[in-house]
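Q: Okay, here's the prediction I keep looking at, along with the sequence it came from:
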Amino acid sequence: YADHLREKQQGGVIVDYKYEPFGIRLAQHRCHYHPDFMVVYPDRFAIHEVKAYSKKTKKPRWEDDAIVKFKVAASLYSFWEFWIVYFNTDTGQWNTSSSKAQYLELMRRLQDHETYFKYCLKISEFGTKNMIPFRMNSIQKILHSVAEMQSRDEGQVRIIVLKARRAGISTYIQARMFKYGATNFNKRSHITTHSKDTTQEMFNMARAFAEYYPKHIKPEMYYSGKSELRWGRKEGGGLNSSYSLSTVEGSEVRGAAIDMLHCSEVASWGHRAREYATGLMNCVVQGHNTEIWLESTAQGVGNFFYKEYWRSDQNNSAFKPVFFPWYMMDEYRMDFTDENERDEFMDGLGKEDRYGGQEEADLLEREVTYETLDGEVNFRVTPEQLKWRRYMIDGNCQGDLQIFHQEYPSYAREAFVASGRSASLPCSVCPPA
């Protein structure tokens, strides 16, 4: 491309050009953009970014993060022109594309949830508390597929999730709801939790989404009260969408129309859970791409969440039941130091009562399969995961196998029984075998 510019300079089309002349600071913490060329025309300056040409898409080929940096730079330095240049191998000519075209291309790409989450939303990393881009884990990707397939087939989402600890279910639903409000007109999303602390924690996540949202594509927004985020302007106009939270009773939203509802930790809603849930769910119309999410860890047998989960499991409900066993989490494994340790571990598998005896042996190579947008995905228990299981039973679970079953269930029945500390279930509340 430098040779091409040299010819233009000799022909008097441009005055001068420089390759990688400087870096442009886009934000704090060393976020910079380094343009390929600064080009001086007789009447203006321009930035030229050179990209390869894709024969498949017939467009310049580059990554989403590069598009974001290019667009941010173009918005910060609007007194310069910003152009993408690429050599079209089909025509044998250099072609150009403006920053506006790249902005439209970025908007198109951000319709995809995974791309949107990665480049628009940031979450607090567990442990370090650093703000990092939200990248879906394997469980979140499957849950996303379940929701998208149900939306495609039924025109709505109705999902009930029995969850284990730290699987990221609530994070995914919140991110999905935030995207829904930030990219659509006249939509209302609402979350109801079991406690004020949890409500505040979830709203803090929404605040972080808003605070770290890319400035050049951030819609107008403001806070209305302590637990409501609105997109639009106070005086009217804009997206006119909202994202609000309440605690359990839902009195704040009774009678109001809701497009996306998230009921969190429903098993902890108490003896009036059915009444609260009924009032909230009847604020959501059928169809029209509306969504209702019920999620909770297990809190014993016989409560509202327990009954609704097994009712959906028997296909007696509009809700689709979803459960993810502990061994689907990528980080729930421990490597062996060498083959001798592994062989010794395998020899002792299923022989110690404190690890469940035969239960432990039966878990090896236990498999679960899920249908996703990209086809079937399978998860199988490995010796490395069983080593982690022993470590957690001895440590975090204080040597109590039932605590492990409650916090990290292998199947749905185990979660409910362990959390209820019941060795056997009465027939009136027993799920199907």
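A: Perfect, I can see it now. Residues are numbered from 1 along each chain as shown.
Q: what residues are up against the residue most central in space within the chain?
A: Against the mean C-alpha coordinate of the chain, by CA atoms, centre = their mean, the closest residue is residue 172 at 3.8 Å. Counting by CB atoms under 8 Å, 6 or more residues apart in numbering, residue 172 makes contact with 136, 140, 143-144. Where you see a C-beta, it was placed from the backbone N, CA and C, and this is true even at glycine.
Q: Find the helix or strand that it is a member of.
A: If you go by DSSP states H and E, residue 172 is part of helix 169-182.
Q: strands paired with the helix or strand just after that helix, and their directions?
A: Where DSSP H and E defines the elements, the next helix or strand beyond helix 169-182 is strand 188-193. Note on strand 188-193: by DSSP bridges, its sheet partners are strand 241-247 (parallel), strand 260-264 (parallel).
Q: For whichever helix or strand comes after the last one, buried residues please.
A: This points to strand 260-264. For strand 260-264, the following helix or strand on the C-terminal side (DSSP H and E) is helix 273-281. Counting neighbours by 16 or more other CB atoms under 10 Å, one finds that the buried residues in helix 273-281 are 273, 276-277, 279-281.
Q: the inter-axis angle of helix 273-281 versus strand 260-264?
A: 160 degrees (axes from the mean of the first three to the mean of the last three CA atoms, to 10 degrees).
Q: And the helix or strand just after helix 273-281, what does it pack against?
A: If you walk from helix 273-281 toward the C-terminus, the next helix or strand you reach (DSSP H and E) is strand 291-296. If you count contacts as 3 or more CB pairs under 8 Å, 6 or more residues apart in numbering; DSSP states H and E, strand 291-296 packs onto strand 157-162, helix 169-182, strand 260-264, helix 304-313.
Q: which residues sit against strand 291-296?
A: 147, 151, 156-163, 169-170, 173, 176, 180, 259-268, 277, 281, 284, 305, 308, 319.
Q: Filter those down to the buried ones.
A: Using 16+ other CB under 10 Å as the threshold, 147, 156-163, 169-170, 173, 176, 180, 259-268, 277, 281, 284, 305, 308, 319 are the buried ones among the contacts of strand 291-296.
Q: Give the rounded mean pLDDT of stretch 59-72.
A: Regarding stretch 59-72, the rounded mean pLDDT is 79.
Q: Buried residues, that stretch. List them.
A: Judged by neighbour count using 16+ other CB under 10 Å, the buried positions of stretch 59-72 are 60, 62, 64, 67-72.
Q: now the helices for the chain?
A: Along the chain, counting by DSSP state H, helices occupy 2-10, 64-76, 99-109, 113-120, 138-154, 169-182, 196-211, 273-281, 304-313, 339-347, 358-363, 383-394, 401-407, 412-420.
Q: The longest one to helix 113-120, inter-axis angle?
A: Meaning helix 138-154. Using the same axes, to 10 degrees: helix 138-154 against helix 113-120 is 130 degrees.
Q: got the CA positions of helix 138-154 in PDB?
A: Extracted in PDB, the C-alpha atoms of helix 138-154 (Å, rounded to 0.1, in the frame of the first residue of the first chain):
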ATOM      1  CA  SER A 138     -19.600 -23.700  28.600                       C
ATOM      2  CA  ILE A 139     -22.700 -23.800  30.800                       C
ATOM      3  CA  GLN A 140     -23.800 -20.200  29.800                       C
ATOM      4  CA  LYS A 141     -23.300 -21.100  26.100                       C
ATOM      5  CA  ILE A 142     -25.600 -24.100  26.400                       C
ATOM      6  CA  LEU A 143     -28.200 -22.100  28.400                       C
ATOM      7  CA  HIS A 144     -28.000 -19.500  25.600                       C
ATOM      8  CA  SER A 145     -28.700 -22.100  23.000                       C
ATOM      9  CA  VAL A 146     -31.600 -23.500  25.000                       C
ATOM     10  CA  ALA A 147     -33.200 -20.000  25.200                       C
ATOM     11  CA  GLU A 148     -32.500 -19.100  21.500                       C
ATOM     12  CA  MET A 149     -34.000 -22.400  20.300                       C
ATOM     13  CA  GLN A 150     -37.100 -22.000  22.400                       C
ATOM     14  CA  SER A 151     -37.500 -18.400  21.200                       C
ATOM     15  CA  ARG A 152     -37.200 -19.600  17.600                       C
ATOM     16  CA  ASP A 153     -39.700 -22.500  18.000                       C
ATOM     17  CA  GLU A 154     -42.200 -20.900  20.400                       C
END
